[in-house]
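Undergrad: can't give you the sequence, but here's the structure:
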């Protein structure tokens, strides 16, 4: 519904805040603009209600270029919530909420009914709060009023500029929940600016990540978390959050397996097998053919058992593989299988026979180490003598 | 001159005998002051708004008003008399000139003191500049304007006692008459009501000012120390 076409914004001092911005904002969604300070997110938002004018390019709402709309009329159709709440201190709560309806010259009864309806919507009893002044309310309550003031005239678009960042964590969480609930009820489009990735992930249908006046990546939160476009997005999302996501996502065997375990061809002799085991410090080898097809395995015991017979080859002593897991299997399934059959390791295959890796206890330990590495920084490790 | 007990009695007697005249003079004094102040408001508030909106005009307007203010009152009245002649009109213009600076300056400061976010909110909600000024900015700067008005009123009441020198009336007439006739009763009868007038104006306007200031800013503990509401408790439980 909102479309930015090749929008540039350069301030008088020559600083270019937006560079050829092209962006579509979907109707009925919460779109979160996020990025480090100075990335142009707030500028982008303020372009929509013409608080800032673009240097070039155009912005369309419902295919109508907003440059052609009277800014005062435009703003009355767009709800606006600012960071510092911005309630008028000399007006009562009811008067604050009724500002835009009064500007639109609604009749008194309609305004009063709307005020009561909106206060009820955010859990503030109209009889108690209608005639209070903003300074008599807590920060969280004030910003609730700030949010419903933006809803008063039933706008189909609301702009929110870091509305919850000044609140204490409890109120912030509450208001985020309430916002999501409200938005689902009224289906308004919301453009929300924040620098808090947790907030973005929590409320957004679409996240637009910006940096230095350009869009780095946009998409659903889930998509961005799973497929960060580049290192900037990764660092912005934060290593911890990515790990948390990985922990929530069940790891698959491919994440855990050793990709180049010790393997041998069936045509090799036993002496070679022993040498290889010694070199790789393992007690068994996997046997594959030239096409990487998994044939079986040999353990050190089987080799030593037949070692005296110089004519024997690996092919003669190897055992067929009884248990293997396919690539893409969850780690849990693989662990269950290893546990059930008392396996010390299990090969991972692709398709019917193609060998791709091996899950061992060691590989699981190193996977866990990677996963918890950041969290473990504060902890202590003890060497056991 | 010592004012002893019988002096007080004599003064009271004099005042009650001349009550009609004195009341008339007091009324006239008040009317001069009010007219001067009204004119100053009429001109000063728009100039204050203009100063707040245009920083470059501000320096010009404020220094001009400042110059008016520093001219000694007798000198200013004498100068005005040369252009406007003797009488009531001249003294009202003089009072107007004296009241201008506090009103312009306080309107200007009041508007500048408004949290810029409030202005942004008003604009973002779709107020025109005029609506923003009338519905938000001026009401919010009212306590400051009131403080300026209070200063102006007290100054004007004092300056108005000079009115007789340029052909005006008011309580000054009684004082000057007393001075000329070496009649201390007359001096007291003029000076005491004039002083009282100034004190009453100062106290009353001061009360009004603090009332305006406190109306919307109830003393409030820091946000973080606010007791949790029932809803907050329910959420954290």
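TA: Cool, the structure landed. Predicted model only: the values in this text are computed from it and were never measured.

Undergrad: Helices of the stretch 151-300 of chain A, residue ranges please.
TA: A:169-186, A:197-203, A:221-226, A:231-237, A:239-248, A:253-256, A:270-280, A:300-305 (DSSP state H, counting those that start in this stretch).

Undergrad: what's the closest of those to residue B:64?
TA: Proximity to residue B:64 (Cβ to Cβ) singles out helix A:169-186 among these, at 49.3 Å. The way it works is simple: take the backbone N, C-alpha and C, and place the C-beta from them, glycine included.

Undergrad: ok, back up a step: same list as before, the helices of the stretch 151-300 of chain A that is, but in a markdown table and with mean pLDDT included.
TA: Shown next, in a markdown table, are the helices of the stretch 151-300 of chain A (pLDDT from 0 to 100):
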| stretch | mean pLDDT |
| --- | --- |
| helix A:169-186 | 86 |
| helix A:197-203 | 88 |
| helix A:221-226 | 84 |
| helix A:231-237 | 83 |
| helix A:239-248 | 64 |
| helix A:253-256 | 82 |
| helix A:270-280 | 86 |
| helix A:300-305 | 84 |
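
Undergrad: Any chance of CSV for those, columns mean neighbour count?
TA: Formatted as CSV, these follow (neighbours: other Cβ atoms under 10 Å in any protein chain shown):
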stretch, mean neighbour count
helix A:169-186, 17
helix A:197-203, 19
helix A:221-226, 17
helix A:231-237, 15
helix A:239-248, 13
helix A:253-256, 20
helix A:270-280, 15
helix A:300-305, 16
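
Undergrad: what would these look like in CSV with distance to residue A:4?
TA: What follows is the helices of the stretch 151-300 of chain A, written out as CSV (distance: least, Cβ to Cβ, whole Å):
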stretch, distance to residue A:4
helix A:169-186, 22
helix A:197-203, 19
helix A:221-226, 19
helix A:231-237, 20
helix A:239-248, 28
helix A:253-256, 39
helix A:270-280, 58
helix A:300-305, 67
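
Undergrad: Three-state assignment for whichever residue of chain B sits closest to chain A, please.
TA: Closest residue of chain B to chain A, Cβ to the nearest Cβ: residue B:121 (3.0 Å). With DSSP: H, G, I helix; E, B strand; the rest coil as the basis, residue B:121 sits in helix.

Undergrad: excluding its backbone neighbours, what's nearest it?
TA: Leaving aside its sequence neighbours, residue B:121 sits nearest to residue A:86 (Cβ to Cβ, 6 or more residues apart in numbering or on different chains; 3.0 Å).

Undergrad: What does the pLDDT read for that neighbour?
TA: Reported pLDDT at residue A:86 in the predicted model: 82.

Undergrad: repeat for residue B:226
TA: So residue B:226 comes in at 40 (pLDDT).

Undergrad: again with residue B:195
TA: pLDDT, read off for residue B:195, is 90.

Undergrad: just checking, the residue nearest to residue B:121 touches residue A:146?
TA: Yes - with contact defined as Cβ atoms under 8 Å, residue A:86 counts as touching residue A:146 (6.5 Å).

Undergrad: Touching, residue B:186 and residue B:180? I think so.
TA: No - counting by Cβ under 8 Å, residue B:186 stays clear of residue B:180, with 9.1 Å between them.

Undergrad: More neighbours: which of those two?
TA: Shown here are residue B:186 and residue B:180; by other Cβ atoms under 10 Å in any protein chain shown, residue B:186 has more neighbours (21 against 9).

Undergrad: With adjacent residues omitted, what lies nearest to that one?
TA: Residue B:186 sits nearest to residue B:178 (Cβ to Cβ, 6+ apart), 3.1 Å away.

Undergrad: circling back: which residues sit in contact with the residue nearest to residue B:121?
TA: When the contact criterion is Cβ atoms under 8 Å, 6 or more residues apart in numbering or on different chains, the partners of residue A:86 are A:146, B:117-118, B:120-122, B:124.

Undergrad: Can you flag the buried ones in those residues?
TA: A:146, B:117-118, B:120-122, B:124 (16 or more other Cβ atoms under 10 Å in any protein chain shown).

Undergrad: any chance of those residues in a markdown table, plus distance to residue A:336?
TA: Below are the buried ones among the contacts of residue A:86 laid out as a markdown table (distance: Cβ to Cβ, whole Å):
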| residue | distance to residue A:336 |
| --- | --- |
| A:146 | 53 |
| B:117 | 58 |
| B:118 | 63 |
| B:120 | 59 |
| B:121 | 59 |
| B:122 | 64 |
| B:124 | 58 |
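
Undergrad: Next up, phi/psi of residue B:202, please.
TA: Phi and psi for residue B:202, reported as degrees, to the nearest 10, are phi -60, psi -50.

Undergrad: Next to chain B, which bits of the stretch 1-150 of chain A? Give me the list.
TA: With Cβ under 8 Å from any Cβ of the partner chain as the criterion, the stretch 1-150 of chain A comes near chain B at residues A:49, A:51, A:72-77, A:80, A:82-90, A:99-100, A:103, A:123, A:133-136, A:138-141, A:149-150.

Undergrad: Pull the contacting residues for residue A:259.
TA: A:356-357.

Undergrad: Residue B:132 against residue B:119, yeah?
TA: Yes - Residue B:132 is within contact range of residue B:119, at 6.6 Å (criterion: Cβ under 8 Å).

Undergrad: For chain B, which helix or strand comes out least confident on mean pLDDT?
TA: helix B:230-236 (a mean of 43; mean pLDDT, DSSP states H and E).

Undergrad: can you give me the strands in the stretch 51-200 of chain A?
TA: A:56-61, A:64-65, A:78-81, A:157-161, A:189-194 (DSSP state E, counting those that start in this stretch).

Undergrad: and among these, the most buried is which?
TA: Of all the strands of the stretch 51-200 of chain A, strand A:78-81 has the most neighbours on average by mean count of other Cβ atoms under 10 Å in any protein chain shown, namely a mean of 27.

Undergrad: Sheet partners, orientation included, of that strand?
TA: Partners of strand A:78-81 in the sheet, by DSSP bridges, are strand A:157-161 (parallel).

Undergrad: didn't the residue of chain B closest to chain A look like it was pressed against residue A:83?
TA: No - Residue B:121 is beyond contact range of residue A:83, at 10.2 Å (criterion: Cβ under 8 Å).

Undergrad: Contact partners for the residue lying closest to residue B:88 once chain neighbours are set aside?
TA: In this structure, residue B:88 finds its nearest non-sequential neighbour in residue B:168, 5.6 Å apart by Cβ to Cβ, 6+ apart. By Cβ under 8 Å, 6+ apart, the contact list for residue B:168 reads B:32, B:87-88, B:90-91, B:160.

Undergrad: Next, residue B:168: secondary structure please.
TA: coil.

Undergrad: For residue B:158, see how far away residue B:205 is.
TA: Going from residue B:205 to residue B:158 by Cβ to Cβ, to the nearest Å gives 15 Å.

Undergrad: Same question for residue A:46.
TA: 51 Å.

Undergrad: if we can go back for a sec, just the pLDDT for the residue nearest to residue B:88.
TA: pLDDT, read off for residue B:168, is 78.

Undergrad: Next, count neighbours for the residue lying closest to residue B:135 once chain neighbours are set aside.
TA: Spatial nearest neighbour of residue B:135, excluding adjacent residues (Cβ to Cβ, 6+ apart): residue B:127 at 6.8 Å. Residue B:127 has 23 neighbours, counted by other Cβ under 10 Å.

Undergrad: related to what we said a few turns ago, okay, the strands of the stretch 51-200 of chain A in a markdown table with mean pLDDT and distance to residue A:258 next?
TA: A markdown table is the format used below for the strands of the stretch 51-200 of chain A (pLDDT from 0 to 100; distance: least, Cβ to Cβ, whole Å):
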| stretch | mean pLDDT | distance to residue A:258 |
| --- | --- | --- |
| strand A:56-61 | 90 | 53 |
| strand A:64-65 | 90 | 59 |
| strand A:78-81 | 90 | 53 |
| strand A:157-161 | 92 | 49 |
| strand A:189-194 | 92 | 42 |
